[in-house]
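Q: Pasting a predicted model and its sequence here:
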Amino acid sequence: MPFSYLARTSPRPDGGARRIQVATTELASRAGLLYRLGYTVEAATARLVARVGWEFEHGRPAALSDQAIAKLVSDTYARKPG
């Protein structure tokens, strides 16, 4: 008896890029929240770097490097999200 839920679908060709885009969007959202909570740029950056390090403990994409996260936080804080 075949079980349809055991059939695998092939991964999307743009899956890696989409995961990075989603992670970047989430980090920007979290940076905005940390801004509204009164965190400094340095504290927010450290917190988000630690979170990404935990989430990607077995290999972090280059697009989510410490420098990329610091730039994202800096850009978000420059916009002064309200």
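A: Arrived safely, thanks for sending. Numbers count the residues shown, from 1 in each chain.

Q: continuing past the longest helix belonging to the chain, what's the next helix or strand?
A: Longest helix of the chain, by residue count under DSSP state H: helix 15-36. Where DSSP states H and E defines the elements, the next helix or strand beyond helix 15-36 is helix 41-55.

Q: what does the following helix or strand past that following helix rub up against?
A: Next along the chain after helix 41-55, taking DSSP H and E as the criterion, comes helix 66-79. Outside helix 66-79, the residues that touch it by CB atoms under 8 Å, 6 or more residues apart in numbering are 24, 27-28, 31-32, 34-35, 41, 44-45, 48-49, 52, 62. Quick note: C-beta positions are derived from backbone N, CA and C, even for glycine.

Q: These: which two are farthest apart?
A: The most widely separated members of the contacts of helix 66-79, counting by CB to CB, are 35 and 62 (25.5 Å).

Q: about what we covered before: sort the contacts of helix 66-79 by pLDDT and name the bottom one.
A: Within the contacts of helix 66-79, residue 62 has the lowest pLDDT, namely 91.

Q: Skipping adjacent residues, who's closest to that one in space?
A: Nearest-residue entry for residue 62: residue 68, 7.9 Å, with adjacent residues in sequence omitted and distances by CB to CB, 6 or more residues apart in numbering.
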